[in-house]
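A.B. asks: make a model of this:
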Amino acid sequence: MPDPKQRFFDPRPESVGLARAFVITTLTSWGMHSPAEDIRLCVSELASNALIHGSDTEHGFLVRLDADEDFVRVEVHDSRPRHRLEPEITHTDGNDTTGRGLEIVASLADGWGVEDRRPSGKIVWTTFKTGQPNRQAQAC
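C.D. replies: A predicted model of the protein is given here:
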């Protein structure tokens, strides 16, 4: 399986688009096309959250990708500790223009969660089934 890849992004709005491009480039280099658009959208949401809510003004965020035969794991590391209720899915009505990010992540990803990061900050992670055939099935 491919080696994990990671990249740090500066605390500026352009970094969200750069994070999306990093993810697509990495997944393409790994030959993983089937979950790429869902992953790209989730990274966009998580990177935006890290930039706006999760990172101190002078700190950026890190995006890390890892994969095995069955799953792609995406992590977004930021500098602020998680709050007791953060992040949480906020249910919005049809007129809201923000606040749907984690709803989107929860609906597209096969799993997601939050972990504390030492010495400070948090990691918001998601997992996606790759849709790749099992190697044993290919050998038959």
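
A.B. asks: next helix or strand past the host helix or strand of Leu102?
C.D. replies: In this assignment (DSSP states H and E), Leu102 forms part of helix 101-108. Scanning the chain past helix 101-108 towards its C-terminal end, the next helix or strand to appear is strand 111-116 (assignment: DSSP H and E).

A.B. asks: list the buried residues for the helix or strand just after that next one?
C.D. replies: Remark: after strand 111-116, the chain's next helix or strand is strand 122-129, criterion DSSP H and E. Of the residues in strand 122-129, those buried under the neighbour-count criterion (16 or more other C-beta atoms under 10 Å) are Lys122, Ile123, Val124, Trp125, Thr126, Thr127, Phe128. Placement of C-beta: from N, CA and C, glycine included.

A.B. asks: please report how far the first one lies from Ser44.
C.D. replies: Lys122 sits at a distance of 18 Å from Ser44 (criterion: C-beta to C-beta, to the nearest Å).

A.B. asks: do the same with the last one
C.D. replies: As defined by C-beta to C-beta, Phe128 lies at a distance of 14 Å from Ser44.

A.B. asks: same check on the third one?
C.D. replies: For Val124, the distance to Ser44 equals 13 Å [C-beta to C-beta].

A.B. asks: tell me where the model's unsure across the protein.
C.D. replies: When the per-residue scores of the chain are filtered using pLDDT under 70, the ranges that remain are 1, 56, 82-100, 131-140.

A.B. asks: for it, what spans make up the strands?
C.D. replies: Assigned by DSSP state E, the strands in the chain fall at 5-9, 61-67, 71-78, 111-116, 122-129.
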